[in-house]
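[1] Everything below, folded, please.
(chains A and B)
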Amino acid sequence: MTTEIHRIVYFSRNAIPGSEETIAAEIRQILESSRRNNTKADVTGALMFNAGCFAQVLEGPQSAVTRTFERIQRDPRHGEVLVLDYGAKSERAFANWSMSFVGRDLREKDLFGAISSETGFDASRLSAEVIFTTLHRLVVEEEKSAVG
Amino acid sequence: MLQILEPDLSQTVILEACDLLPGGFAIIERNGAVGYANSPFRSIFDMPDDPDLKLLLENVCGGDETLSSKLRRGERDFTVSCRGVSDGRTLVMVAETAVVTVPAAVERRDGLTGLPNRVVLNDQLTEALRGPANEAEFALLLLDLDRFKTVNDTLGHPIGDKLLCHVVDRIRSCVRDTDLIARLGGDEFAILQRSPKQPEAARALARRLVDLVGRTYIVDDHLLNIGVSIGIALPPADGADPDRLLKSADLALYRAKEEGRGRHRFFEQEMDARAQARRALELDLRRAFALRQFEVHYQPQMKLADRRVVGFEALARWRHPERGMISPAAFIPIAEEIGLISQIGEWVLQTACREAAGWPDDISIAVNLSPVQFSSPGLVTMVIAALRQSGLAPERLELEITESVLLQETAATLTILHQLRALGVRIAMDDFGTGYSSLGYLRSFPFDKVKIDQSFVREMPSDGDSNAIVRAIIGLGVSLGISTTAEGVETQEQLDRLRAEGCTDIQGYLLSRPIPASGVGDLLLQLHS
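    Got it, this is the predicted structure:
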C-alpha cells in the first residue's frame, strides 16, 4: 500500500437522549454501521465512549477519512465535535480494526485511568496524543486479554 | 404531374385562393412587366412602379437559377426569392421574415452548487403566499455564513468553493424534500421550510443548522471552522408578500449577527422600528456632516515623569440640534457602516492639525484612524495634505489605530503605516487589551506607544484581572521600549498605582474632560501651575 495514511482524532459529546440501555443500543448500531462502512472504505480506527463523551480515531486514505469524518459530523447523535489532530501519518495504528470499541460497560468510569478522575474528562484538556495513546493502549490490552 | 383534379374548378377560385396565401408572389413577364401579383404581394409593393420592386427585378430576376435576397421595408424584413418558370417568365416570392423574439434565458440555478437561485425563491415564495391562509404554513430562513470570507481570503477561492459545497451538503441533510434551498449570493442562502408546525419546526431546523454548519470541515489538508447566522420570518405576520417577508428575515438575520453570530433569531416588529430609527440616524448623520455639526474636543495627556502635559487626543463630537452632544461611540460605527467615516476622519484630522498648530511646540496632537480609512486609498496623501495645510510639524502628530486595523490585509496596512512613519508621524496602538491583544501585532510594527483601554484602568483597584492586564501591558511597553498611556484615569489611587507599575503617561477625567480648542490655553496654564 503506497497510499499515504491520514489520521484524525476527535472528541465529541453524546447527544443521544434516554436511558443507558437506549444509549448502549444506539452505540451498538453506530459500531455495526461504522464497521461495515469502514471495511469498504479501507478505514480503520477506534471509538471510545465514556462519561457521555465519544473519542474516536480514524485512519486511512485521505479521501476516505475525510468522507467518513464528514458523515460522522452530520450524525445528530453527538455534538460539540472537537478535532484534536489531523494529518498524514507514517502508518496505521489500528490496522486490524475496522472500528475497535472501548467502553463496553457503560457504568465503568475508569477507562481513561488517572486522566478522567483528575480532570473529570475535560475535552479541552485532553491532547490528541493522550486520547490516541490511551485508545491504543486499551485496544492492545483488550486484544491481549482476548487472545489470552 | 399535379393536375386540377376537378374540371369544374374555375380560374376564379384558384386566383381567390392565391390571394389568401400567407406569402406574396408575382409572375414577371419576359419583358420585365408584372404579369400577375397576388394580394399579399400587392400589399407589400406599390404597384406597378415601386422603386424597390424595380431594383429587385433588375438584380435578382431573370434566368433559371433560384436567387434570394433580403429586403427591408419600413420596420419589416422580407426574404425575396426568384426562380424561372415556363416561357421565360419569373416567379417572385416574398415572405416576411419572422422575428423570433427569444426571451433572454433567465438563470435559475447557481453554477457552483447547483442550487436554485433567488429567481426560483421569489417564484416559490409568491406561489406559497398565494395559497389559502391555512396552507401558507411555511417559514423563510435566511442564512449567512460567519467567517467564510476569511477562508476565501486566506486560503483562496478554490478551497472556499469546496467548503461551500460541503456546507450545502450539510444544509441538504437537514431539510426535507419539500423544502427549498436557494443560494442568494456568495455565502448567503435561503430555506423555504414547508411545515404546518411553525414556529417550532423553524426553530428546530435553525438549531440543527447552527450546530451542523458550525462543525469542523476538512477540505484538502485544512481543518476549517465557520459558522452560520440565521434570520427567520413567518408569513403572514412578518410579511404577506415575498419582498416584505425577505426584508423581515433579513432584519432578523442582522440581529442574529449583531448578537454575536452563530445563532438564529425570529423577526420581531421591534426590529423594524429599530431599523427605521437607525435609518433616521443615518440621514441625520449625513446631514450633520454636510452642515458641519461636528466639533473636535481635546483631552490632555500627561507625562508622569515630570507631570507636564505632552499632548492632547482629538475626539469628534456631534452636536445634534435636538439630541445635544452625541459621543463618538454612538455615531462612529454608523459612519463606518455607511461609508462616511473617511470624510469625517479627514475633517477631524484637518481641524485637529490646524488647531494644534497654534499650541506650544512641545504639545502633540493624537488623532484616531478608523480601519475603514486604511482600506480606502489616499490615506497617506490625506495626512500629508493636513500637515502641509496646517503647518504642523509631523513629529507633533500622533495617529492612533486599534488592533482591528492590523486584522485586515496586513501587508498593505503595514506598508501604509511605514509610509506614515516615514513622514515623521508617530503611531500609537489604541485600546490595547480589549481585542485580540496579540503580542504579534505589537511586534509587527514599531509602535511608538501603547494605550491601555480605560475599562481596565477603571476597574483596576478592585478587579484582580484588570490589575494583571494593566501590569502585563505596561511590562510589554517597558520590554519593547515604548511608552504606555493609561486612558480613563479618574482617581488619584489609579494614578499612584499606574505610576508604581511603571506606566509613563496618563489621560482621563483626573486631568480634564475633553474640552473645545478655545479652552486649551487656560487648561495648560492650570495643569502646569
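[2] number of nearby residues for residue B:494?
    22 (other CB atoms under 10 Å in any protein chain shown). Glycine gets a C-beta too; all of them are placed from N, C-alpha and C.
[3] actually residue B:412, not the one I typed
    Counted with other CB under 10 Å, the neighbours of residue B:412 add up to 11.
[4] Doesn't it lie inside a helix?
    Yes - according to DSSP: H, G, I helix; E, B strand; the rest coil, residue B:412 belongs to a helix.
[5] okay, the lengthiest helix in chain A in CSV with CA atoms only?
    The longest helix of chain A (DSSP state H) is helix A:20-41. Output of helix A:20-41 as CSV, limited to C-alpha atoms (Å, rounded to 0.1, in the frame of the first residue of the first chain):
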residue,chain,number,x,y,z
GLU,A,20,-28.2,3.8,29.4
GLU,A,21,-29.9,0.9,27.6
THR,A,22,-31.1,3.2,24.8
ILE,A,23,-27.6,4.7,24.5
ALA,A,24,-26.0,1.3,24.5
ALA,A,25,-28.3,0.2,21.7
GLU,A,26,-27.5,3.3,19.7
ILE,A,27,-23.8,2.8,20.2
ARG,A,28,-24.1,-0.9,19.1
GLN,A,29,-25.8,0.4,15.9
ILE,A,30,-23.1,3.0,15.4
LEU,A,31,-20.4,0.4,15.7
GLU,A,32,-22.2,-2.0,13.3
SER,A,33,-22.6,0.5,10.6
SER,A,34,-19.2,2.0,11.0
ARG,A,35,-17.5,-1.4,10.8
ARG,A,36,-19.5,-2.1,7.7
ASN,A,37,-18.7,1.3,6.1
ASN,A,38,-15.1,1.4,7.2
THR,A,39,-14.2,-2.0,5.8
LYS,A,40,-15.5,-0.9,2.4
ALA,A,41,-13.7,2.4,2.6
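[6] avg pLDDT for that helix?
    Mean per-residue pLDDT for helix A:20-41: 87.
[7] Going by contacts, tell me the helices and strands next to that helix.
    Packing partners of helix A:20-41 (3 or more CB pairs under 8 Å, 6 or more residues apart in numbering or on different chains; DSSP states H and E): strand A:44-50, strand A:53-61, helix A:62-73.
[8] what about the residue nearest to residue B:151 when sequence neighbours are not counted, which helix or strand?
    Distances taken as CB to CB, 6 or more residues apart in numbering or on different chains put residue B:160 closest to residue B:151, at 5.4 Å, once the chain neighbours are dropped. Under the criterion DSSP states H and E, the helix or strand holding residue B:160 is helix B:157-174.
[9] any idea of the angle that helix forms with helix A:62-73?
    Counting by axes from the mean of the first three to the mean of the last three CA atoms, to 10 degrees, helix B:157-174 lies at 40 degrees to helix A:62-73.
[10] give me every residue that touches the closest residue in space to residue A:77 that isn't next to it in sequence.
    Take residue A:77 and drop its neighbours on the chain: the residue closest to it by CB to CB, 6+ apart is residue A:16, 5.0 Å away. With contact set as CB atoms under 8 Å, 6 or more residues apart in numbering or on different chains, residue A:16 has these partners: A:22-23, A:26, A:77-78.
[11] Just put those residues in JSON lines and tack on neighbour count.
    Shown next, in JSON lines, are the contacts of residue A:16 (neighbours: other CB atoms under 10 Å in any protein chain shown):
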{"residue": "A:22", "neighbour count": "11"}
{"residue": "A:23", "neighbour count": "17"}
{"residue": "A:26", "neighbour count": "16"}
{"residue": "A:77", "neighbour count": "16"}
{"residue": "A:78", "neighbour count": "22"}
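[12] Can you spell out which helices and strands pack onto the helix holding residue B:160?
    helix A:62-73, helix B:148-155, strand B:180-185, strand B:188-194, helix B:200-213, strand B:217-219, strand B:222-224.
[13] Recalculate using a threshold of 7 Å.
    Counting contacts by 3 or more CB pairs under 7 Å, 6 or more residues apart in numbering or on different chains; DSSP states H and E, helix B:157-174 is packed against helix B:148-155, helix B:200-213, strand B:217-219.
[14] and these, which one is worst for confidence?
    Minimum mean pLDDT among the helices and strands packed on helix B:157-174: helix B:148-155, a mean of 88.
[15] Now do it: which elements does it pack against?
    Short answer (3+ CB pairs under 7 Å, 6+ apart): helix B:148-155 packs on helix B:157-174.
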